[in-house]
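Novice: sequence unknown, structure follows:
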Ligand SMILES: Nc1ncnc2c1ncn2[C@@H]1O[C@H](COP(=O)(O)OP(=O)(O)OP(=O)(O)O)[C@@H](O)[C@H]1O
């Protein structure tokens, strides 16, 4: 499995480009992190990768096949996507929300079977939220909702996972547990693209980092190549120290300087 983005260009209004001529490739078992300031276009790019927004120019291919030639069901069997925010409308119980992840694998109007329920329960278990199964989605916290949506995409069993700021509502422990799960999904063969506002999350997970800024990929490469003091200053206008952790030289961290 491989995802190729060729000269992708997108505009909401037909005049202002949100991004232009963006190209990159990601292979299975790899995690790509998208960094960039607010409003840079990360969420928009995620939606284009999932063909929810049509590119104005360029193309996106999965194993050489243009995603525009795939039906929505074909695409949802290949790509799972968790948007940045999700406003709950119907009071489904959490297990039913996770079961919705099985929809691409069901025939039209078919109800989920025993196997689907088992997969959904396993997904909830892997995220430590099985106890939420009978709770209404409209009556759980923002972080719990984020974990329920993640369980739904794990149950979807796709080979590509698009996660738009997946840790934004999670407590510190759940952030790190989720990053571990993302790493293990990639080890099992998944291709993951995730946006984040935390450079450290890229150090903990990513093979590749792309900084989106000014409608372009401003920098692209390994986390150590891209997350540098200079690049972070250029991107966010803040001073940081990027360095090895003293007690474990294999870890690199990015610490903001507040003084
Ligand atoms: N539906 C829309 N219609 C018109 N413009 C939009 C729409 N959604 C987003 N934009 C604009 O597109 C640009 C990119 O927004 P996007 O949400 O992709 O950025 P982002 O990098 O994900 O930001 P953040 O880090 O704040 O989530 C912004 O200028 C935003 O105002």
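Specialist: That came through fine. Owing to the predicted nature of the structure, the values given are computational and were not obtained by experimental measurement.

Novice: Low-confidence bits of the stretch 1-150 of the chain, can you list those?
Specialist: Along the stretch 1-150 of the chain, segments meeting pLDDT under 70 span 88.

Novice: same thing but 80
Specialist: By pLDDT under 80, the weakly predicted segments of the stretch 1-150 of the chain are 85-89, 107-110.

Novice: Spell out the residue ranges of the strands in it.
Specialist: Under the criterion DSSP state E, counting those that start in this stretch, the stretch 1-150 of the chain carries strands at the ranges 2-11, 17-27, 31-35, 57-62, 65-66, 79-82.

Novice: Distance check, residue 220 against residue 108.
Specialist: As defined by C-beta to C-beta, to the nearest Å, residue 220 lies at a distance of 41 Å from residue 108. (C-beta placed from N, C-alpha, C; glycine too.)

Novice: out of those two, which sits in the busier spot?
Specialist: Shown here are residue 220 and residue 108; by other C-beta atoms under 10 Å, residue 220 has more neighbours (16 against 5).

Novice: what about residue 13, how many residues close to it?
Specialist: 7.

Novice: residues contacting it?
Specialist: Residues near residue 13 by C-beta atoms under 8 Å, 6 or more residues apart in numbering: none.

Novice: Out of the strands of the stretch 1-150 of the chain, which is closest to the ligand?
Specialist: The closest of the strands of the stretch 1-150 of the chain to the ligand is strand 17-27. By C-beta to the nearest ligand atom, the value is 4.8 Å.

Novice: what's next to that closest one, contact-wise?
Specialist: Contacts for strand 17-27 (C-beta under 8 Å, 6+ apart): 1-12, 32, 41, 44-45, 56-58, 191, 193, 208, 210, 212, 215-217, 220.

Novice: Please pick the buried ones from these.
Specialist: Neighbour-count burial (16 or more other C-beta atoms under 10 Å) applied to the contacts of strand 17-27 gives 1, 3-6, 8-11, 32, 41, 44-45, 58, 191, 193, 208, 210, 212, 215-217, 220.

Novice: among those residues, which are within reach of the ligand?
Specialist: 41, 44 (C-beta under 6 Å from any ligand atom).

Novice: Adding distance to residue 92, write the strands of the stretch 1-150 of the chain out as CSV.
Specialist: What follows is the strands of the stretch 1-150 of the chain, written out as CSV (distance: least, C-beta to C-beta, whole Å):
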stretch, distance to residue 92
strand 2-11, 31
strand 17-27, 32
strand 31-35, 30
strand 57-62, 30
strand 65-66, 33
strand 79-82, 17
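
Novice: count of neighbours near residue 207?
Specialist: If we define neighbours as other C-beta under 10 Å, then residue 207 has 16 of them.
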